[in-house]
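> Provided below are the primary sequence and the corresponding predicted coordinates.
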Amino acid sequence: MGRIVATIVGIVSLFVTVLAQAAEPVRIGALFAVTGPASFLGEPEKNTLEMLIKDANSKGGINGRRLELVVYDTQGDVTKAVQLANKLIKNDKVTVIVGPSTTGETMAVLPVAEKERIPLISCAAGIKITEPVKKWIFKTPANDHIAAEKILLHAAQHKAKSIALITVSDGFGSSGREQLKGLAGKKGFKVVADEVYGPKDTDMTAQLTKIKAAKPDAVICWGTNPGPAIIARNMKQLGIKIPLYMSHGVASKKFIELAGADAADGIMLPAGKLAIFDKLSKGDTQAKLLKEYEQSYRKAYGVEASTFGGYAYDAFLLISSAAKKGVTPEQIRNGIEQARKMVSISGIFTMSPGDHNGLDLSAFEMVKIVRGDWELVK
């Protein structure tokens, strides 16, 4: 009799344990620059992830498990990003991390994720994040060299032979400058000026005066707000009328707002399709999803969705798809790496052991700013 009771107690205990495990949520950590100079990146990323997780939970979560989001504001600070990454892993016990928002923060956090064997999907564009490939690190924005190649292809089509570069001295700018200089030589461009500015600089007249004297056919600026907006205004003030290209780092209406519609008019840049989703052909593979995201975001927050929020959307799709096959860090990492032809906001992702970004030239369209809005460049 005693043995029967013990067996029953054991079965019940096992059943309770299984139920408890089944009820455990999938805990997702996030590091975004929600405040500070890079808040135009982090705020839409945070909003998007919160919106998607709320929606997923309202539909029962993933395989019956609720999703739980733990998000911290790094303020764009590298030291803080590392501290918070450790906190997410050791205190909050997250299974996967989305972010950080910037390349500099991401490069600082990578060793933490690699050491602790936690998959991390960065929302920053620097090519060094995923090249060379690191086992636990992925990113959703297209690589710098893809954006750089898109700009140079357009410049070549318009008979430009010489270019001037003006890049910010942070991780994003340094990576873009390196890619631009390497590709320019291969494509036959002469780089006649190569100027750098600091992330906190408020006037780039000195650099642009040197560029004006070098007489390039086009200027390429590589940075994130607010610097590029200042450069747009300074070029206008100096009467420099040659084509100005910006990087994908300013592909949001915030840039036009900061620069002013007049100074921004005519500027061209590679942007994700979200910026011009209403101008895409009906047959475009991403068009339906882009429209749904824009409408959902606008309904939730009262403003239009941005490309940067799209990076967090991509990360969520990769995680939720991977989590259907298993929710341990190892299972999620493997699932992300196995993503094939996944249609999302930033493009169509095909990951592999040799490619932890998964995007190509089709991720961008060249757009032009006309009267304060985007126009598709054909």
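That came in fine, so what should we check first?
> give me every residue that touches Lys90.
Contact analysis of Lys90 by Cβ atoms under 8 Å, 6 or more residues apart in numbering lists Glu116. C-beta: built from backbone N, CA, C; applies to glycine.
> what about the helices in the chain?
In the chain, helices defined by DSSP state H lie at 2-23, 39-58, 78-90, 103-116, 144-157, 171-186, 205-214, 227-238, 253-259, 261-264, 287-301, 307-323, 329-337, listed in chain order.
> please identify the deepest-packed of these.
helix 307-323 (a mean of 25; mean count of other Cβ atoms under 10 Å).
> low pLDDT regions in the chain?
When residues are selected by pLDDT under 70, those of the chain lie in 1-23.
> tell me which residue is most central in the protein.
Cys123 (3.4 Å; Cα atoms, centre = their mean).
> which non-adjacent residue is nearest that residue?
Once flanking residues are discounted, Cys123 sits nearest to Tyr311: 3.9 Å by Cβ to Cβ, 6 or more residues apart in numbering.
> contacting residues for Thr328?
Thr95.
> hang on, the earlier thing: mind listing what the residue nearest to the centre of the chain touches?
Cys123 is in contact with 32, 41, 45, 98-101, 139-141, 308, 311-312, 315, counting by Cβ under 8 Å, 6+ apart.
> try 7 Å
Cys123 makes contacts with Glu45, Val98, Gly99, Ser101, Thr140, Pro141, Tyr311, Ala312, Ala315, as judged by Cβ atoms under 7 Å, 6 or more residues apart in numbering.
> how distant is stretch 203-211 from the center of its chain?
Relative to its parent chain, stretch 203-211 has a centroid offset of 29 Å by Cα atoms, centre = their mean, to the nearest Å.
> if we can go back for a sec, do you know how far the residue nearest to the centre of the chain is from Thr328?
Separation of Cys123 from Thr328 (Cβ to Cβ, to the nearest Å): 23 Å.
> one step back: take the helices of the chain and lay them out in TSV including distance to Ile220.
As requested, the helices of the chain are exported to TSV (distance: least, Cβ to Cβ, whole Å):
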stretch	distance to Ile220
helix 2-23	53
helix 39-58	21
helix 78-90	26
helix 103-116	18
helix 144-157	6
helix 171-186	6
helix 205-214	10
helix 227-238	11
helix 253-259	15
helix 261-264	16
helix 287-301	27
helix 307-323	19
helix 329-337	32
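> and the ones you listed: which comes nearest Met366?
Among these, helix 144-157 comes nearest to Met366, with 5.2 Å by Cβ to Cβ.
> got the contact list for the closest one?
Helix 144-157 is touched from outside by 125-127, 163, 175-176, 179-180, 183-184, 187, 189, 218, 220, 245, 247-248, 268, 270, 359-361, 363-364, 366, 377, with contacts defined as Cβ under 7 Å, 6+ apart.
> isn't Ser169 right up against Gly198?
Yes. Using Cβ atoms under 7 Å, Ser169 makes contact with Gly198 at a distance of 5.5 Å.
> measure the closest residue to Pro353 other than its chain neighbours to Gly176 for me?
Distances taken as Cβ to Cβ, 6+ apart put Glu337 closest to Pro353, at 6.3 Å, once the chain neighbours are dropped. To Gly176, Glu337 is 26 Å away according to Cβ to Cβ.
> now do Asn225
In terms of Cβ to Cβ, Asn225 sits 15 Å off from Gly176.
> with Phe40 instead?
18 Å.
> and what of Leu318?
On the measure of Cβ to Cβ, Leu318 and Gly176 end up 24 Å apart.
> show me what Met246 is bridged to.
In this structure, Met246 bridges to Cys221 when assessed by DSSP bridges.
> which residues touch it?
Cys221, Pro228, Ile267, Leu269.
> closest to Leu110 out of these?
Of all the contacts of Met246, Pro228 has the smallest distance to Leu110: 26.1 Å, by Cβ to Cβ.
> would you confirm that the closest one contacts Leu258?
No. Applying Cβ under 7 Å as the test, Pro228 and Leu258 come out as separate, 8.4 Å apart.
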